[in-house]
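*Asks:* Predicted model and sequence follow; I will ask about them next.
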Amino acid sequence: MKRKRLIGSAIAISLLLLLSGCETNLVVFQPMGPQAQKIADLINWSLIWIGLIVIVVISMFVYFVWKYRAGANSKYEPEEHGNKWIEITWTTIPIIIVILLIVPTVRTLYDLEEIPEGYEDQEPLVIHVTSADWKWIFSYPEENIETVNYVNIPVKRPVIFKLTSAGTMQSFWIPSLSGQIYTMAKMEVELPIVADYEGSYFGKNTNFNGEGYQGMEFEVLVQSSNDFDEWVQEVKEKAPKLTEEDYTEILKPSHLGRLTFSNTHLDWIDHADHHADEYLYPDLYYEHGYPGQIFYDEDNDENAVEETGGDHNHEH
Amino acid sequence: MNIKWDKILLGGDPLLVGSQIAIVLTTVGIIAAITYFKKWKWLWNEWLTTVDHKKIGIMYILSAVLMFFRGGVDGLMMKAQTAVPENTFLDAQHYNEVFTTHGVIMILFMAMPMLMGIINLAMPLQIGARDVAFPQLNALSFWLFFSGAMLFNLSFVVGGSPDAGWTSYFPLAGKEFSPGIGNNYYMVALQIAGIGTLASGINFIVTILKMRTKGMTLMKMPMFTWTVLVTSLIIIIAFPIFTVALLLGMMDRLYGTHFFTVEAGGLDMLWANLFWLWGHPEVYIVVLPAFGIYSDIISTFAKKRLYGYTSMVWAVVLISVLSMLVWVHHFFTMGVGPAVNSVFSITTMLIAVPTGIKMFNWLFTMRKGRIEFTTPMLWSLAFIPTFLIGGVTGVMLAMAAADFQYHNTLFLVAHFHYTLIPGVVYAVFAALYYYWPKMFGYKLSEKIGKWHFWLFNIGFNVTFFPMFFLGLNGAVRRAYTYSAESGFSTLFLISAIGSIILAAGFAALVYNIYWSFRYAERNVGNDPWGNGRTLEWSIGSPAPHYNFATLPEVKTIDAFWYMKKEKKGLGLRKSDLKPIHMPSKSWIPVYMGAAFFVFGFMLVFEWHILSIFGGLAVLAGLVFRSFDYNSGYYVPVEEIIETEKWRGEIK
Ligand code: HEM
Ligand SMILES: [Cu+2]
Ligand SMILES: [Cu+2]
């Protein structure tokens, strides 16, 4: 009895959630470019098999529990303890399902590394992405412009993001366009994407990196190629130049709004380089509680703040 | 040495001051009560210095229930904070501390000790042994766990909590980005508890390999004991990795080395690799004994032999091997390339096969059985469909390309709660109801137990099911708030309501413990469920301190079941009784716990000179132990006869 009620309410709840889920925005299922599309296809394929497994197992479960409850007087064989063929069956079927899921997974993994089909002949737009606490810095080396916390890209043209970090590890995610990838200091990873439709999409960091993690978001604006060229031109003409001092300020832990510059920090520092200078400000991260000893490196002296650990307690 | 006295206690926040006051009052209250009832001596002799595996088990479980409370309150605080958008109940920093302590406490100071407690309690009884192989080491393991847990909890009010997540990824967790001492607590407290766990692993392996009673071959062991054996093997393989990682992390934080820093060529990914090389096996360390518990309980209450025993054993072994080969699935997004990701996708998905085998075997154990819906059985039944959801979403996450979209979202949080809660917590509850009479001589109330069951189950699903959808909507984990425009509000609110129901379920358990302690019927007999299959049900309830008056002889699997059936091997003859040799109690384990606590505290606060003295205090314990020649004592036959009176007259 009770079991049935449980199942009943479970189904009701899941339906309810499914419906409410559809109303809101299941961003992962609304791909706006070929990379995200490939992942969504893979997920849909997996859902078929997962659904099948769930249905089979739950049905068996409900049936057995109901049929063999004490007092039901169904067949009772306390000594039964195995059957070779049954066991071989339920080993083989899962192996087959695993193979059915693995093959497209591997294929998708390789596909995601490449510039999507149909776009190979275009020259990709290269954008360097530097993550810092708690902002995203986008540098367009070819165009020689730099933006903070937003990135504009042309529609239907391949873009290659080359990502690194100035400090902590972050994860770069534009769910409408592709899956995530980590940014790490002193190394570089690449993420090719294409956007099929103009529009504005959200991007964010998903890898926890301290107090300001929550607001570490950016906007991706996909424009027609004319609009994009115009925008680049305008930035080149109107945006201020980024100086090394400004840049040092930007790298300090903070939330910034949007910024735009008509040159890039790549002129003097590439954080992806293994021997890149560090910009570390341990003092600025002190929260509360007992301060620990901070170790300064000579390389970092020029950037470090001249204060000893924990003597300023910023309010929260 | 420059001690900043004014910064030792955290202050300012009403939440913290309130907790400090509460902690002080509770401590004073406990001390006053013990003194008033003149229980100090009893406490010292019967509990603090005990080496009896059953009492150690009970202490583990008691501490773990307390830790569940703490971890649960953390969980509720997070749910309260995210119930509505842009809430200000907790600020970012506090939320970060809360999910960090929640994760660490739930896994290392709740799930682990709960299972250690149940293992301690049941495993020696299942194999017909009188204690574990090294009883004093066993007590040491407990006190090291306790010391680590207390040190870790202290961080909330003294010095500041760790705030870099339970994974404590570098470089974030290093001094460059977390200059307070909060994360020192993580490095030091987990190290202390970890040493204890490692010792337990060794202890259990030796116990199972060397101390099985006559006739109990490996393939006649109860399933739970099998899982304990395999789990212990994983412990001794995986924990040393964590020990090293924590040591390196501590060096980075305390002494300025550069293993994982951004500066001077440290490798942050080395931490991630070491952490998950331990961390993934760790989740199997907690889940495998749970599988064992379910196997025993399902077969008991279906009144049927476990289906596919041999394949169950092989499945556990296979899972344990695979569990060491999958760690990269925690960072598919690190950009290591499709080849590596493919390999780890495959190994991860393969785990689904032995897990599926186990699922089907449980189902077929019930087929053609006579299922009785007792509380332990209800928890075991609920486990199957809920864990199924955890399992299939695990397969979805294992598909690396798809994981690029799920990683670090609430989809992941929902997934691992769907594995850990049915996979560990339900098993722990099942085992508590199941073994309670063996521990204390009375059952927990079945009626309140059903309240506990339904509230907890409904609450759990309402809390965590919406998180799958939140994740697919783009809601990330560890974010302390979200905007109203995000469209997450409804699901977050449903989830928060669920957590209140969940909490009510936990309250029902606590009430059940209280109620049953006061009113439950005593004298439940040796086999209170009436269907006991394994040796632990052949001895009195509560189990006598020497366990078995005479060591039983085992001829089949489910030995007690067949003894009852064939009415053979159950009686006790006076002529067979001999004085029983038992280990003496010892003060050294509890001393070591205290010494490690002090040592750890000094390390956490980076008082280097004082920490040397702390280290010497630990060393002193080791020296004392080397000169400890106590070789135990004998339980006289008269005492045995007296204790075994419940069997009727012994001839
Ligand atoms: C009792 C009810 C529980 C509630 C209400 C709860 C709730 C939560 C919430 C809200 C989060 C964080 C979500 C986020 O901000 O990312 C979380 C994280 C976590 N929970 Fe639970 N949880 C519960 C039980 C458990 C149990 C029993 C375990 C383990 C045995 C567990 C292990 C974890 C872990 C490891 C994390 C990740 C922490 C981190 O991100 O560092 N939880 N839980
Ligand atoms: Cu890297
Ligand atoms: Cu894992």
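*Replies:* All right, it came through fine. Residues are numbered from 1 along each chain as shown, chains lettered A, B, ... in the order given. Ligands and ions are numbered 1, 2, ... in the order given.

*Asks:* just the strands in the stretch 51-200 of chain A please.
*Replies:* A:125-132, A:135-140, A:145-148, A:150-154, A:159-165, A:170-173, A:181-183, A:189-193, A:199-205 (DSSP state E, counting those that start in this stretch).

*Asks:* Okay, now the sheet partners of the third one, with direction.
*Replies:* When you say that, I think you mean strand A:145-148. Note on strand A:145-148: by DSSP bridges, its sheet partners are strand A:135-140 (antiparallel), strand A:259-261 (antiparallel).

*Asks:* Convert the first one to PDB, retaining C-alpha atoms only.
*Replies:* Output of strand A:135-140 as PDB, limited to C-alpha atoms (Å, rounded to 0.1, in the frame of the first residue of the first chain):
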ATOM      1  CA  LYS A 135      36.600  39.000 -13.800                       C
ATOM      2  CA  TRP A 136      37.100  37.800 -17.400                       C
ATOM      3  CA  ILE A 137      39.600  39.600 -19.600                       C
ATOM      4  CA  PHE A 138      39.200  39.100 -23.400                       C
ATOM      5  CA  SER A 139      42.100  40.100 -25.700                       C
ATOM      6  CA  TYR A 140      41.800  40.200 -29.500                       C
END
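
*Asks:* How about the closest residue to chain A within the stretch 301-450 of chain B, nearest residue that isn't a chain neighbour?
*Replies:* Nearest residue of the stretch 301-450 of chain B to chain A (C-beta to the nearest C-beta) works out as B:F404 at 2.1 Å. In this view, the C-beta of every residue, glycine as well, is placed from N, C-alpha and C. The shortest distance from B:F404 to any non-neighbouring residue, by C-beta to C-beta, 6 or more residues apart in numbering or on different chains, is to A:G179 (2.1 Å).

*Asks:* what about B:K645, distance to B:P544?
*Replies:* Using C-beta to C-beta, to the nearest Å, one gets 11 Å for the distance from B:K645 to B:P544.

*Asks:* what number of residues lie near the residue of chain A found nearest ligand 1?
*Replies:* Relative to ligand 1, the nearest point of chain A is A:F208 (7.2 Å; C-beta to the nearest ligand atom). Neighbourhood size, A:F208 [other C-beta atoms under 10 Å in any protein chain shown]: 26.

*Asks:* ok, the one residue in the stretch 151-300 of chain A that gets nearest to ligand 2 to A:N263 distance?
*Replies:* Relative to ligand 2, the nearest point of the stretch 151-300 of chain A is A:M184 (3.8 Å; C-beta to the ion). Distance of A:M184 to A:N263, computed by C-beta to C-beta: 25 Å.

*Asks:* which one of those two has more residues nearby?
*Replies:* Legend: neighbour count by other C-beta under 10 Å for A:M184 and A:N263, higher for A:M184 (26 against 16).

*Asks:* which residues of the stretch 401-550 of chain B fall in helices?
*Replies:* Along the stretch 401-550 of chain B, the segments classed as helices by DSSP state H, counting those that start in this stretch run B:410-420, B:426-440, B:446-473, B:489-519.

*Asks:* ok, and which of these has the densest surroundings?
*Replies:* helix B:426-440 (a mean of 25; mean count of other C-beta atoms under 10 Å in any protein chain shown).

*Asks:* give me every residue that touches the residue nearest to B:F404.
*Replies:* When contacts are counted by C-beta atoms under 8 Å, 6 or more residues apart in numbering or on different chains, A:G179 touches A:35-36, A:39, A:112, A:173, B:333, B:401-405, B:407.

*Asks:* out of those residues, who's nearest ligand 2?
*Replies:* Ligand 2 lies nearest to B:T333 out of those, by C-beta to the ion, at 10.7 Å.

*Asks:* Do I have it right that the closest one meets B:T409?
*Replies:* No: taking contacts as C-beta atoms under 8 Å, B:T333 lies outside contact range of B:T409: 11.6 Å.

*Asks:* Neighbour count: the two, which is higher?
*Replies:* Taking neighbours as other C-beta under 10 Å, B:T333 and B:T409 compare with B:T409 leading, 26 against 22.

*Asks:* Return the distance of the more buried one relative to A:V56.
*Replies:* On the measure of C-beta to C-beta, B:T409 and A:V56 end up 28 Å apart.

*Asks:* follow-up on the earlier one: in contact with the residue of chain A closest to ligand 1: list those residues for me.
*Replies:* Under the criterion of C-beta under 8 Å, 6+ apart, the neighbours of A:F208 are B:96, B:164-165, B:169, B:172, B:408, B:477-478.

*Asks:* what do you get if the cut-off is 10 Å, keeping everything else the same?
*Replies:* A:168-171, A:214, A:216, B:96, B:99-100, B:163-165, B:167, B:169, B:172, B:408, B:476-479 (C-beta atoms under 10 Å, 6 or more residues apart in numbering or on different chains).

*Asks:* you'd agree it is in a helix?
*Replies:* No: assignment of A:F208 by DSSP: H, G, I helix; E, B strand; the rest coil gives coil, placing it outside any helix.

*Asks:* What confidence value was assigned to the residue in the stretch 551-651 of chain B positioned nearest to chain A?
*Replies:* Nearest residue of the stretch 551-651 of chain B to chain A: B:E606, at 5.7 Å (C-beta to the nearest C-beta). pLDDT, B:E606: 87.

*Asks:* ok, now how distant is it from ligand 2?
*Replies:* Separation of B:E606 from ligand 2 (C-beta to the ion, to the nearest Å): 29 Å.

*Asks:* wait, doesn't that residue sit right on B:I181?
*Replies:* Yes: counting by C-beta atoms under 10 Å, B:E606 touches B:I181, with 6.7 Å between them.

*Asks:* Between those two, which contacts overlap?
*Replies:* With C-beta under 10 Å, 6+ apart as the test, B:E606 and B:I181 both reach A:290-293, B:253-254.

*Asks:* Most neighbours among the residues you listed, which one?
*Replies:* B:R253 leads these on contacts (other C-beta under 10 Å) with 29 neighbours.

*Asks:* Just the element for it, please.
*Replies:* helix B:223-255 (DSSP states H and E).

*Asks:* after that helix, next one along is what?
*Replies:* Assignment by DSSP H and E places the next element after helix B:223-255 at helix B:268-301.

*Asks:* quick check: angle from that following helix to helix B:426-440?
*Replies:* Angle of helix B:268-301 versus helix B:426-440, following axes from the mean of the first three to the mean of the last three C-alpha atoms, to 10 degrees, is 60 degrees.

*Asks:* ok, helix B:268-301 near ligand 1 or not?
*Replies:* No: using C-beta under 6 Å from any ligand atom, we find that helix B:268-301 stays clear of ligand 1, coming within 7.0 Å at best.

*Asks:* And the nearest residue to B:Y185 once chain neighbours are set aside, how far from B:S147?
*Replies:* Nearest residue to B:Y185 in three dimensions, chain neighbours excluded: B:S155, at 4.1 Å (C-beta to C-beta, 6+ apart). Separation of B:S155 from B:S147 (C-beta to C-beta): 14 Å.

*Asks:* neighbours around A:F172, how many?
*Replies:* If we define neighbours as other C-beta under 10 Å, then A:F172 has 25 of them.

*Asks:* so what's the spatially most central residue of chain B up against?
*Replies:* For chain B, B:M112 is the residue whose C-alpha lies nearest the centre (C-alpha atoms, centre = their mean; 1.9 Å). B:M112 is in contact with B:60, B:64, B:67, B:106, B:145, B:149, B:193-194, B:196-197, B:200, B:235, B:282, B:285-286, B:424, counting by C-beta under 10 Å, 6+ apart.

*Asks:* Appreciated, that's everything.
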